[in-house]
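> what follows is a predicted protein model with its sequence.
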Amino acid sequence: MSDFRSFIKKNLTIYHIIGMVVGVALSIVYWYKSGQFSDNILKNNLALIILWGLLVGYITFDLIRNSAKKM
């Protein structure tokens, strides 16, 4: 169990949480504006678009964090 906690502590920082919140917020706005009327399964399903927003937000802010670290 301690391995799981150390993994979470290392890979889930405040930057990642902010990125996931921003990703979810933007994906919900996108779904509200155009996705709910689409025929595409990813665009018209709110649960899938939220998962997509979580993933994209995490990865984007991880890349920003790592590039800022290297400077």
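Received the coordinates, thanks.

> and Leu26, how many neighbours does it have?
Leu26: 14 surrounding residues under other CB atoms under 10 Å. Where you see a C-beta, it was placed from the backbone N, CA and C, and this is true even at glycine.

> before we move on, what about Asp39?
Neighbour count of Asp39, defined by other CB under 10 Å: 6.

> for the closest residue to Leu46 other than its chain neighbours, give its distance to Leu48.
The shortest distance from Leu46 to any non-neighbouring residue, by CB to CB, 6 or more residues apart in numbering, is to Trp31 (5.7 Å). From Trp31 over to Leu48 the distance is 10 Å, taken as CB to CB, to the nearest Å.

> quick one: which of those two has more around it?
In this view Trp31 and Leu48 are compared by other CB under 10 Å, and Trp31 has more residues nearby, 22 against 16.

> who are the packing partners of the helix or strand where the more buried one lies?
Secondary structure from DSSP states H and E places Trp31 in helix 14-33. If you count contacts as 3 or more CB pairs under 8 Å, 6 or more residues apart in numbering; DSSP states H and E, helix 14-33 packs onto helix 46-70.
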